[in-house]
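> structure for the following, please:
(4 chains)
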2 protein chains.
Amino acid sequence: MGTVSAMTAIASSSGLRERKKQETRDQLVDAAFRLFSERGFDDVSAAEIAASVGVSERTFFRYFAAKEDVIFPDAGEKLSHIRQLVAVLPPELSLVDGVRRALVAMSEEYKESKEVMLQRAQLVAMTPSLRVHIMQREQEWVEEFAIAIAPRMNLDQANDLRPELAAAMIVTAFRVVLGRWLRSGGEGDMPTMLDQALAFIGSGLGADGT
Amino acid sequence: MGTVSAMTAIASSSGLRERKKQETRDQLVDAAFRLFSERGFDDVSAAEIAASVGVSERTFFRYFAAKEDVIFPDAGEKLSHIRQLVAVLPPELSLVDGVRRALVAMSEEYKESKEVMLQRAQLVAMTPSLRVHIMQREQEWVEEFAIAIAPRMNLDQANDLRPELAAAMIVTAFRVVLGRWLRSGGEGDMPTMLDQALAFIGSGLGADGT
DNA sequence: CTGTCATTTGTCAATTCATGACAGTTGACA
DNA sequence: TGTCAACTGTCATGAATTGACAAATGACAG
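As a prediction, this is how the structure comes out:
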């Protein structure tokens, strides 16, 4: 409790080797998070993080391809989770309703690990290179959504720009809502905000701009 | 002609000093573009670009804060141009119509320097760190649009998420269309594609998902 | 024209991210 | 227990930035 790694609950497979590896990884994540929070992302070197855990700098980079990655240790699982969320949407739901359901499900995760998310948001807000990573992940989400909703729209994702457009809109909506939620210190109710946002989109951005 | 810097036409102010500076900058941009196109962004060092122009590596970084910036030498002007485009929109136009006009105006610039844009797109497509820069610029655009359209929507940009949402949607639409246009090799007609995209947005993403 | 001043550059040095190579350790498993 | 594969540490290297300081040079007054 209190650790960042706690939210990345992996069904740690059997072996001692695996367990140790996971432990090292967790330690790196937690140490990085603590140090970054204290002094900011740019003022903590990878070497320092590694040292504070008792491994070599080289090992740090074996666990994380880039220094930024240690801030998003759950990127992989998050993506496959989205994939899964979209996959199980009942086909009888309309596009917007289906999306609402998926997004609300996603928002639950944020609520669950609110403190970590907020602290991470702080870091991201003050560090350009981290913002970048977020954006890259969003792009993956867009692709994921686009593939998932193209058949739902009876459109060919390759030739019609609408699936990609819709997917981008949806992810953008989530980003904007999440941004507001984070800035509000996690006070707002994400499902409600998502409803508002999606309703606004569904209305054609207020129809005629009045 | 043929040079990238040609599109960054600055009313070079009088002095010899200014002229020389601009010249150095242009040379760096052109050399960088040529080298990157030949061997890829990651396989050309800043030192090499500098050397090929006859200045020191340190000087390169005095002109460009980061190696990526040399690919987007016109970032500053582009933003103020958007600002200006939005500022002069006739207030009687609806949100979507006004936006359409601004986006079409932007798309003209892309048509004018098609080759450069396409070549740049190639580079960006194959280089993650460049994609990032694009995204950061888009975020600036979003903020710009949000401020501009909030009064047009009679909403307070700080308390209502809809202006930011609408702005994000618009910029996203532009990104998707631009992406398609670039992938089509500059064949498609951007104004037409923008019309389609905006119509789709205005319809609430196809209303009910059929 | 000439001397000063401010700007621009070059040189040097240092830090940090990131990666490849190679050898030593240590779990996994027959 | 012994072999093998997976991990790790050590060393070395390349490249991106960035700060400090001195040399070069355009701008401009006198």
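> DNA strand D contacts on chain A?
Proximity of chain A to DNA strand D, by C-beta under 7 Å from any atom of the strand, involves residues A:17-18, A:20-21, A:24, A:54-59, A:62-63. Backbone N, C-alpha and C define where each C-beta goes, glycine included.
> can you narrow those down to the ones near DNA strand C?
A:17, A:18, A:20, A:57, A:58.
> what about the third one, distance to residue B:115?
As defined by C-beta to C-beta, to the nearest Å, residue A:20 lies at a distance of 55 Å from residue B:115.
> same question for the first one.
Noted for residue A:17: a distance of 54 Å to residue B:115, by C-beta to C-beta.
> show me which of the ones next to DNA strand C among the residues of chain A next to DNA strand D is closest to residue A:151.
Taking C-beta to C-beta as the measure, residue A:18 is the one of these closest to residue A:151, at 38.0 Å.
> give the contact list for the residue nearest to residue A:143 when sequence neighbours are not counted.
Nearest non-adjacent residue to residue A:143, counting by C-beta to C-beta, 6 or more residues apart in numbering or on different chains: residue A:167, 7.5 Å away. By C-beta atoms under 8 Å, 6 or more residues apart in numbering or on different chains, residue A:167 lies in contact with A:141, A:142, A:143, A:144, A:145, A:146, A:148, A:149.
> if we use 6 Å, what do you get?
By C-beta atoms under 6 Å, 6 or more residues apart in numbering or on different chains, the contact list for residue A:167 reads A:142, A:145, A:146.
> for residue A:136, same thing?
Taking C-beta under 6 Å, 6+ apart, one finds nothing in contact with residue A:136.
> ramachandran angles for it?
The phi/psi pair for residue A:136 (degrees, to the nearest 10) reads phi -60, psi -40.
> contact residues of chain A facing DNA strand C?
So chain A meets DNA strand C at A:14-18, A:20, A:44-47, A:57-58, A:61, A:65-68 (C-beta under 7 Å from any atom of the strand).
> picking that back up, filter the ones next to DNA strand C among the residues of chain A next to DNA strand D down to the ones in helices?
When DSSP state H defines the helices, the subset of those inside them is A:17, A:18, A:20, A:57, A:58.
> still on that earlier bit, from the residues of chain A next to DNA strand C, which would you call buried?
Buried subset of the residues of chain A next to DNA strand C (neighbour count, 16 or more other C-beta atoms under 10 Å in any protein chain shown): A:44, A:46, A:67, A:68.
> let me know how buried the nearest residue to residue A:197 once chain neighbours are set aside is, in neighbour terms.
Spatial nearest neighbour of residue A:197, chain neighbours left out: residue A:173 (4.5 Å); criterion: C-beta to C-beta, 6+ apart. Residue A:173 sits with 25 neighbouring residues when counted by other C-beta atoms under 10 Å in any protein chain shown.
> for residue A:173, helix, strand, or coil?
Classification of residue A:173 using DSSP: H, G, I helix; E, B strand; the rest coil returns helix.
> so for it, what's the pLDDT?
With respect to pLDDT, residue A:173 has a value of 91.
> isn't it right up against residue A:196?
No - Residue A:173 is beyond contact range of residue A:196, at 9.7 Å (criterion: C-beta atoms under 6 Å).
> in stretch A:22-31, what's buried?
Buried residues in stretch A:22-31, counted by 16+ other C-beta under 10 Å: A:24, A:25, A:26, A:27, A:28, A:29, A:30, A:31.
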